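Novice: build the 3D model from these lines:
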Amino acid sequence: MSVSPGDIVAAPYPGDGQWYRARVLALLDNGHWDLYYVDFGDNGEAPQEALRTLRGDFLSLPFQAIECSLAGIRPSGNEWEESALDAFEGLTGCAQWRPLEAELCSFCPATPCPRPSLRLFAPQHGQRLDVGAELIRLGFAVPVPPEEDSGPGSCSPPTQDTPDSVTSTASLVSDPPRSAGDTPDTSSCRSLPDATSPVPRDAVTVT
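Specialist: You can find the predicted model right below:
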């Protein structure tokens with residue numbers, strides 16, 4: 001089959017060998033195609049001979065991965081360093097299917113649907129680690145004032161003394177545990193409200 005950037009194909013995922021829908025991004029120096037798995041958000045690569053054409057009916061379901069941004073912070077330098085990305089992956093258990101709690105803050109206009117801006121909380125020792133605040137503590141990020149954050153209804157920037165979350169790994173053992181209530185799940189781009197709609201402040205569960 002012929003492949004071009006932008007094509008949606010069936011591709012094996014290196015983590016489990018199963019087949020998933022993927023968008024072809026670019027041709028890599030090693031001759032493999034750079035892939036974005038549209039239903040769970042991971043990147044990967046595969047040789048052209050490993051890719052397969054998708055039937056049209058497999059494209060009727062909206063892509064399940066939703067592009068998001070982390071609210072209230074920005075990189076401490078001009079862009080996110082590789083070490084910052086590694087720290088984020090470690091804090092969130094990227095590609096390990098660990099549940100995260102997310103607070104929906106605002107929406108950035110995007111195509112084909114608004115892009116949510118979230119605060120993320122990772123369970124650690126029975127408590128909630130504020131991922132943005134931990135990136136600040138580690139020196140990878142700086143807080144963004146609410147008026148500079150994206151969209152109306154933005155969350156307050158994560159700080160070390162945020163009352164409803166654990167913001168530092170150093171406090172995880174000594175602080176009393178907190179529990180989060182049951183929260184609804186949001187998983188489809190089509191379920192997101194319009195960027196001009198009032199932004200809910202409820203917590204949602206991201207898996």
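Novice: so which bits of stretch 98-115 are buried?
Specialist: For stretch 98-115, burial by neighbour count (16 or more other CB atoms under 10 Å) applies to 100-107, 113-115. C-beta here means a position set from N, CA and C on the backbone, and glycine is covered the same way.
Novice: least confident of these?
Specialist: For the buried residues of stretch 98-115, the weakest pLDDT value sits at Cys113, with 64.
Novice: and the buried residues of stretch 98-115, which two are furthest apart?
Specialist: Within these, Glu101 and Cys113 form the most distant pair, 22.1 Å apart (CB to CB).
Novice: pLDDT (mean, whole number) over the lengthiest helix in the chain?
Specialist: Looking across the chain with DSSP state H, the single longest helix is helix 82-92. On average, the pLDDT along helix 82-92 is 91.
Novice: which residues touch that helix?
Specialist: 75, 94-95, 98, 100, 120, 122, 129, 131, 134-135, 138, 140-141 (CB atoms under 8 Å, 6 or more residues apart in numbering).
Novice: now which of these would you call buried?
Specialist: Buried, going by 16+ other CB under 10 Å: 100, 120, 122, 129, 131, 134-135, 138, 140-141, out of the contacts of helix 82-92.
Novice: Gly6: what's it in contact with?
Specialist: Neighbouring residues of Gly6 by CB under 8 Å, 6+ apart: 23-24.
Novice: show the pLDDT at it.
Specialist: Gly6 is assigned 93 on the pLDDT scale.
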